[in-house]
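Participant: Provided below for reference: sequence and predicted model.
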Amino acid sequence: MGDETKSLFGSREADEPPAGPPLSRWLKLSYSIGEIGIWSASLIVGCYLNPFFLEVAGLDAILTGNILLIGQIWDAISNPIIGKLTDSINTRWGRRRPWLVICAIPFGLTFFGTFMVWDTGSQTSKFWYYLVIVILFNTFGNAINTPYTALTTELASSYDESTELTQGRMLANIVAGVAISFGHSALVETWKVQGPNGPTELTDYKKGYFVSALLFGLIFMIPPLQAAFFIKERPFKEVEEPEEKKPKGCWGNFVAILSIWKNVFLTLRNRAYLVITIVFLLAWTTVQFVQNNLVLYCKYVLKQESQFEWFMLILQLTAALSLFAWSLLARKIGKQKVYWIGIGIWIAVQIPMSFYNEGTPFWVMYINSVVAGMGVSVAFLIPWSLIPDIIDSDELQTGQRREGVFYSLFVLFQKIGAATALSVSSYVLGLTGYVTPSRETTSEQIADVQPPSVIMALRIMTGPVPAVMLFISLLVSWFYPLDKELVLEMQGELRERRRLIAKAEVELGESETEKKNDTVY
């Protein structure tokens, strides 16, 4: 970093101690497990929603793409509004926690509704049912995820503490995701029905998805509720605008809406935030492209659908274990360099995916899953752990704490990545001639049901496309402006500013008290 940039934030020593007492282990644990419901639900949606819509609910591939695209547009509208509301609405219980309590139960119910088979036979009625339920599911998920992630900045008081909270959150998410996605797959496969042509048993996917979605929908309600009850927010003192300056009536509502989008555009003008948002969007879309198509890739390209569970298990376990190593390395060489290393090795194993076939040995795919898991771990850990640093930078520049807006936009781009991968995958499969297998089709017949164009599309969407997006994210990350030394200087400057403000408030209060006493006497 240049001297000119550093001078903006003072010249604090890089080893200055944190602003407050260290966080307790209980608080870290409670925070870490608060997102496992959202995470696990998103993992199941990412892995299984496309196959569910196409092969269980019998929804047309193009209509599936339309549902996910419309849901993405809705997210783009609603997410910044939710972020601004979590910054603006202050209650006796805090700004963030009430959202977790209110939205936990509706989130679990809409997850259950997403995996119910709307068995009317009409594509139109299926389209409208799943469109409404997906929009509701995304909305309640955003209303939990945005305030929850914003708590990172409010809890952490140092550069390393924000990394520790993010590491704990990601570790809990990945471990829970491994268990729940494996459990979901096992539950779905448990239910059998006799085939039409003799004693052959077929999986009753309709009943399996119903039972799994009901069970896990109830479980997903618990994590945000425990976070709301066990985590205390720091007191927040809102600076009220004088009543005479506030617009009222319809014009006041219009101005309030405009202010939300003004905050969005101001946030995107922050260079560090813009860079890391693009990096995260590309990396997360890559994760989703591979995740969304891996079931069908194993089923139709490798012709080994049963191996999907093991590939995902190995990948997620590796990602969880890698978090410790990446976090330790980030303390030594910085988060940006860790991102370069992790994404680089991920690219190396993603390209060969387009060349694998049914003759590829399983051990090759297992090694591929291990290395890819290391890269996925970096894609989760580093971008999220950089957000608190960017918020501190923004506070120094603007004098405002806008955690809700920053995190809501980040969650928005996470949703855009997932929805883009899902909708584009559905459109590509539909345009290349995807064939929906009937429920009476045996596993041997299913393996050969798709035309060569669909097989090629699956190869491209799990090989070259993810590799190119990861390479672009590497190039963009080179322009990230905040290194560790600069972040520590910013935090020192913020502590000094807050100390002076607190001192001024005390002196002002004492002065007002003296004036009142003089008036009395």
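Facilitator: Looks like it arrived, so ask away. Given the structure is predicted, the values throughout are model-derived calculations rather than measurements.
Participant: how about the nearest residue to the residue nearest in space to the middle of the chain, chain neighbours excluded?
Facilitator: Most central in the chain under Cα atoms, centre = their mean is Gln414, positioned 5.0 Å from the mean C-alpha point. Nearest residue to Gln414 in three dimensions, chain neighbours excluded: Trp284, at 5.5 Å (Cβ to Cβ, 6 or more residues apart in numbering). Where C-beta positions appear, they are placed from N, C-alpha and C, glycine not excepted.
Participant: So the one you found, which state does it fall into?
Facilitator: Secondary structure, DSSP: H, G, I helix; E, B strand; the rest coil: Trp284 is helix.
Participant: list the contacts for it?
Facilitator: Ala379, Phe413, Gln414, Gly417, Ala418 (Cβ atoms under 8 Å, 6 or more residues apart in numbering).
Participant: go on, Asp87?
Facilitator: Asp87 touches Arg95, Arg401, Arg402, Glu403, Gly404, Val405, counting by Cβ under 8 Å, 6+ apart.
Participant: For Leu27, see how far away the residue lying closest to the fourth one once chain neighbours are set aside is.
Facilitator: Translated: Glu403. Distance criterion Cβ to Cβ, 6+ apart; nearest residue to Glu403, sequence neighbours excluded, is Ala150 at 4.0 Å. Ala150 sits at a distance of 16 Å from Leu27 (criterion: Cβ to Cβ, to the nearest Å).
Participant: who has more neighbours, those two?
Facilitator: The residue with more neighbours, out of Ala150 and Leu27, is Ala150; 30 against 15, by other Cβ atoms under 10 Å.
Participant: was I right about the more buried one contacting Arg96?
Facilitator: Yes: taking Cβ atoms under 8 Å as the definition, Ala150 is a contact partner of Arg96 at 5.9 Å.
Participant: Quickly list what's touching both of those two.
Facilitator: Thr86.
Participant: Between the contacts of Asp87, which sits nearest Gly342?
Facilitator: Using Cβ to Cβ, Glu403 is the member of the contacts of Asp87 that lies nearest Gly342, at 26.2 Å.
Participant: Report the contact partners of the closest one.
Facilitator: Asp87, Ala150, Thr153, Glu154, Ile391.
Participant: can you pull the pLDDT of the fourth one?
Facilitator: For Glu154, the pLDDT comes out at 71.
Participant: before we move on, the earlier item: now tabulate the contacts of Glu403 in TSV and tack on distance to Gly430 and secondary structure.
Facilitator: Shown next, in TSV, are the contacts of Glu403 (distance: Cβ to Cβ, whole Å; DSSP: H, G, I helix; E, B strand; the rest coil):
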residue	distance to Gly430	secondary structure
Asp87	40	helix
Ala150	38	helix
Thr153	42	helix
Glu154	44	helix
Ile391	41	helix
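Participant: if I read this right, Gln123 contacts Leu63, doesn't it?
Facilitator: Yes: between Gln123 and Leu63 there is a contact at 6.2 Å, judged by Cβ under 8 Å.
Participant: Please say which of the two ends up with more neighbours.
Facilitator: Applying other Cβ under 10 Å to Gln123 and Leu63 shows that Leu63 carries more neighbours, namely 18 against 13.
Participant: Skipping adjacent residues, who's closest to that one in space?
Facilitator: Using Cβ to Cβ, 6+ apart, the closest residue to Leu63 is Phe127 (4.9 Å).
Participant: That neighbour contacts Leu59, correct?
Facilitator: Yes: contact status for Phe127 versus Leu59: in contact at 7.2 Å, counting by Cβ under 8 Å.
Participant: Give me the common contacts of those two.
Facilitator: Ile67.
Participant: Between those two, point out the one with more neighbours.
Facilitator: Leu59 (24 against 18).
Participant: for the residue nearest to the more buried one when sequence neighbours are not counted, what are its contacts?
Facilitator: Leaving aside its chain neighbours, Leu59 sits nearest to Phe53 (4.4 Å; criterion: Cβ to Cβ, 6+ apart). Residues near Phe53 by Cβ under 8 Å, 6+ apart: Leu59, Thr64, Ile67, Tyr130, Ser426.
Participant: now, the most widely separated pair of these?
Facilitator: Farthest-apart pair in the contacts of Phe53 is Tyr130 and Ser426; separation 12.0 Å (Cβ to Cβ).
Participant: Quick one: residues contacting Ile222.
Facilitator: Gly37, Ala104.
Participant: how about 7 Å then?
Facilitator: Gly37 (Cβ atoms under 7 Å, 6 or more residues apart in numbering).
Participant: how about the strands of the stretch 151-300 of the chain, start to end?
Facilitator: For the stretch 151-300 of the chain, the strands defined by DSSP state E, counting those that start in this stretch occupy 192-194, 201-203.
Participant: Number of residues surrounding Phe210?
Facilitator: By the measure other Cβ under 10 Å, the count of residues near Phe210 is 18.
Participant: just the one 3 residues further on next, same as before
Facilitator: The number of residues packed around Ala213, counting by other Cβ under 10 Å, is 24.
Participant: Looking at it now. What's its pLDDT?
Facilitator: For Ala213, the pLDDT comes out at 93.
Participant: No further questions, thank you.
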